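In: based on what follows, work out the 3D shape:
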Amino acid sequence: MLMKNVYGYVRVSTTRQGLGVSLEVQQETIERFAAQNNFKVAEWFVEKVTAAKTGRPLFTQLVKQLRAKLADGVIMHKIDRSARNLKDWSILTDLIESDPNMEVHFAHESFDLRSRGGRLAGDIQAAVAADFIRNNRQETCKGLDGRLNQGIWPFPAPAGYVDNGKGKYKTIHKIQGPLVRKAFELYATNQYTLETLCAHMNALGMKNVNKGTMKPTALSNILNNPFYMGILKSKRGTFSGGHKPLISPELFQRVHNVLTGNTNQKIVRHEYQFRKQVTCSVCGYILTAERQKDIVYYRCHTKNCITKGLRESAIKNMLTESFALVQFLPEENQMIDALLTEIESKWTTKQEELFDSVKLQLDNAQERLERVTDCYVEGGLDKNGFEKRKHNILIEIKEREVALNELKQDKEHIFNKARKFFELAKNLINSYETANVEKKRKIVETTTSNLSAEGKKLIISMRSPFLEMSERNNIHSCAPIRSNLRKKEHSFVELDKFVVGAPIRSRLRKKYDKLVCPDNTGLKRKSLTREQLRHLINVVLGIVAKLPNDNDFPTYDI
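Out: As a prediction, the model looks like this:
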């Protein structure tokens, strides 16, 4: 009797199962069955994918080769190894009906699929297997919904987070977490494409979830994932996450605007230090930077405008002179440090009403979420409308939770911010001169509210609280600071005549002698009294208290 050539098909649901003994046991059982029934296994098909869904590649290839009569049949371990959905089972039965000589056997089940009784037994086994997978899916979905309702992400942690076991919140990775946050912050500036940002983050050491090199597609998935702002979004719906957010909802929204093109900002192609920072006070347009013979000029291109071109080097000179107005004397620095510590120790919260207001808004948002959920359960909303409203309310809840957390840490936030401002003021000239172009732009944005040109004049308007620091000579003990201080501007003339390192011309020397000390340590004046400095600190604290987060007022990290 001739030995028939058959295929051997073995399957496990996951790759992890394939590492154990399951595949080996299936193969041994099939080999024994083949030897007992005069079959020869000509080729093995080893598949590591679930049979709950159709579309298994090796199973499809197996059926294709059997229909082409490249073998006499196939031996499988059990029915549930071949199919756990009725469609794949019907494919196997069609093979038998289309070819009476087709050998389809199951090594663990002894019934003949060619007979009516054997077919019935096989159909029952296939139906039981299909029902088993349906029940498994239902129980799995219940478990997933339970975890998601608890705010726990039941899937592998995304890049920047760490898994801590089943039923536990993800935590921020000490190395990759800050890099993911940095990727959001950089992309929000709209100065990077996905490709350039990907290259930059790879250079910084950012890795994907598999600890491999970051690709633009993976980076795009990260930037689109609301998990990083504390919201869980899956096929099961949208839920509030219990893990610690890596970024704020505001930053996520800014990144979303850049991804969707919902921003007028363009990617920078030429890096000029004062690009889009100097305006024409006559026509209101931004001065255009251009390079001629290795010299950068900022010009107004409005026809017949009186504003002329200003050299970049001259603007730098005038900014340095203006920064000298902000810097403190050494004895003032010592008193400021002591006063800050003293005021902080006696400082008590004065924002209880604001805290209660934000708490009320949070409670209101949570009540609206409950009402929307009840409306959906009662059939008043379809699923799409419910998910959209739920998503928006969850974002609002996250924003209120962030605001409450900031208010709880208000004291630390205010005094840390104030210390940053004073530290910057103490070392402003040196920090500016030693910084790179990007950080110089940040310092200018932090300390000034406007740079405007008229004719050959540059008008520098300082930003609070640096304006108050530069005008501290006008502070009288226990006297309020008038609003006219915020309108104070420093005007410097004939800037195109200045170059870096060149001495100030004699006819302007008299003017600047009134502003700058010979040793560049501060103003040519007496040190402020302790009460005057205390009043200045209170002014700065009042300004800082109105800044709920760092994004509202950029600070330069010394």
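
In: my guess is residue 415 contacts residue 339, does it?
Out: No - taking contacts as Cβ atoms under 8 Å, residue 415 lies outside contact range of residue 339: 11.5 Å. Placement of C-beta: from N, CA and C, glycine included.

In: so which bits of stretch 375-386 are buried?
Out: 376, 381, 386 (16 or more other Cβ atoms under 10 Å).

In: mean confidence (pLDDT) on it, please.
Out: Per-residue pLDDT over stretch 375-386 has a mean of 85.

In: distance of residue 428 from residue 446?
Out: Residue 428 is 10 Å from residue 446, where distance means Cβ to Cβ, to the nearest Å.

In: quick check: longest helix of the chain.
Out: Longest helix in the chain, counting residues (DSSP state H): helix 116-149.

In: which strands and helices sit next to the helix or strand that that helix is followed by?
Out: Where DSSP states H and E defines the elements, the next helix or strand beyond helix 116-149 is strand 161-162. In terms of contacts (3 or more Cβ pairs under 8 Å, 6 or more residues apart in numbering; DSSP states H and E), strand 161-162 is packed against strand 171-172.

In: beyond the strand it packs on, next helix or strand please.
Out: helix 176-188.

In: against which helices or strands is that following helix packed?
Out: Packed next to helix 176-188, using 3+ Cβ pairs under 8 Å, 6+ apart, are helix 194-204, helix 216-223, helix 249-259.

In: could you export these as TSV, including mean pLDDT, mean neighbour count and distance to residue 420?
Out: TSV is the format used below for the helices and strands packed on helix 176-188 (pLDDT from 0 to 100; neighbours: other Cβ atoms under 10 Å; distance: least, Cβ to Cβ, whole Å):
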stretch	mean pLDDT	mean neighbour count	distance to residue 420
helix 194-204	90	15	24
helix 216-223	93	17	28
helix 249-259	90	18	19
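
In: which one of these lies closest to residue 141?
Out: helix 216-223 (23.5 Å; Cβ to Cβ).

In: show me how far the following helix or strand past that closest one is from its chain's centre.
Out: Later in the chain than helix 216-223, the nearest helix or strand by DSSP H and E is strand 231-234. Averaging C-alpha positions (Cα atoms, centre = their mean, to the nearest Å) puts strand 231-234 14 Å from its chain's average.

In: ok, strand 231-234: who's next to it in the sheet?
Out: strand 237-240 (antiparallel) (DSSP bridges).

In: show residues contacting the strand it pairs with.
Out: 148-149, 151, 230-233, 387, 390-391, 394, 397-398 (Cβ atoms under 8 Å, 6 or more residues apart in numbering).

In: wait, a helix at residue 101?
Out: No - with DSSP: H, G, I helix; E, B strand; the rest coil as the criterion, residue 101 is coil rather than part of a helix.

In: how many residues are close by the nearest residue to it once chain neighbours are set aside?
Out: Leaving out its chain neighbours, the residue that sits closest to residue 101 by Cβ to Cβ, 6 or more residues apart in numbering is residue 72, at 7.2 Å. Other residues within reach of residue 72 by the criterion other Cβ atoms under 10 Å amount to 19.

In: wait, residue 72 touches residue 105, no?
Out: No - Residue 72 lies out of contact with residue 105 (Cβ under 8 Å); the separation is 10.9 Å.

In: count the neighbours of residue 167 for me.
Out: Residue 167, neighbours per other Cβ under 10 Å, totals 10.

In: contacting residues around it?
Out: 147, 152.

In: residue 539 versus that one, what's the distance?
Out: For residue 167, the distance to residue 539 - Cβ to Cβ - is 51 Å.

In: same check on residue 425?
Out: The value you get for residue 425 to residue 539, if Cβ to Cβ is used, is 13 Å.

In: strands of the stretch 251-400 of the chain, start to end?
Out: 278-280, 288-292, 295-299, 310-311 (DSSP state E, counting those that start in this stretch).

In: same list (those) but as a markdown table, adding mean neighbour count and mean pLDDT.
Out: Supplementary listing: the strands of the stretch 251-400 of the chain in a markdown table, determined by neighbours: other Cβ atoms under 10 Å; pLDDT from 0 to 100:
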| stretch | mean neighbour count | mean pLDDT |
| --- | --- | --- |
| strand 278-280 | 22 | 87 |
| strand 288-292 | 14 | 83 |
| strand 295-299 | 19 | 85 |
| strand 310-311 | 22 | 83 |
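
In: residue 78: which of the ones you listed is closest?
Out: Judging these by Cβ to Cβ, what sits closest to residue 78 is strand 288-292, at 74.3 Å.

In: so what touches that closest one?
Out: 270, 272, 274, 275, 296, 297, 298, 299, 300, 301, 312.

In: now, the most widely separated pair of these?
Out: Applying Cβ to Cβ across the contacts of strand 288-292, the maximum distance is between 270 and 300, 18.0 Å.

In: those two - which one has more neighbours?
Out: residue 300 (24 against 9).

In: residues contacting the more buried one?
Out: Residue 300 touches 280, 282, 283, 285, 287, 288, 307, 308, 453, counting by Cβ under 8 Å, 6+ apart.

In: okay, and which of those map to helices?
Out: Those of those lying in helices (DSSP H): none at all.

In: now, of those residues, which are buried?
Out: Looks like these have 280, 282, 287, 307, 308, 453 buried, using 16+ other Cβ under 10 Å.

In: buried set for stretch 423-434?
Out: Result for stretch 423-434 [16+ other Cβ under 10 Å]: buried residues 423, 424, 425, 426, 428, 429, 431, 432.

In: rounded mean pLDDT for it, please.
Out: Mean predicted lDDT for stretch 423-434 stands at 81.

In: just the C-alphas of it, formatted as CSV.
Out: Presented in CSV, the C-alpha positions along stretch 423-434 are these (Å, rounded to 0.1, in the frame of the first residue of the first chain):
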residue,chain,number,x,y,z
GLU,A,423,18.4,84.8,39.2
LEU,A,424,18.0,85.8,35.5
ALA,A,425,18.1,89.5,36.5
LYS,A,426,21.3,88.9,38.5
ASN,A,427,23.2,87.4,35.6
LEU,A,428,21.3,88.8,32.6
ILE,A,429,24.1,90.3,30.6
ASN,A,430,26.4,87.3,31.1
SER,A,431,23.6,84.8,30.4
TYR,A,432,22.7,86.6,27.2
GLU,A,433,26.3,87.0,25.9
THR,A,434,27.2,83.3,26.5
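
In: pLDDT-wise, what's the bottom of the contacts of residue 300?
Out: Pick the lowest pLDDT in the contacts of residue 300 and you get residue 308, at 73.

In: neighbours of the spatially closest residue to that residue that is not a sequence neighbour, how many?
Out: Using Cβ to Cβ, 6+ apart and skipping the chain neighbours, the partner closest in space to residue 308 is residue 456 (5.4 Å). A count of neighbours around residue 456, defined by other Cβ under 10 Å, yields 17.

In: if I look at residue 456, how far off is residue 439?
Out: Following Cβ to Cβ, the distance that separates residue 456 from residue 439 is 28 Å.
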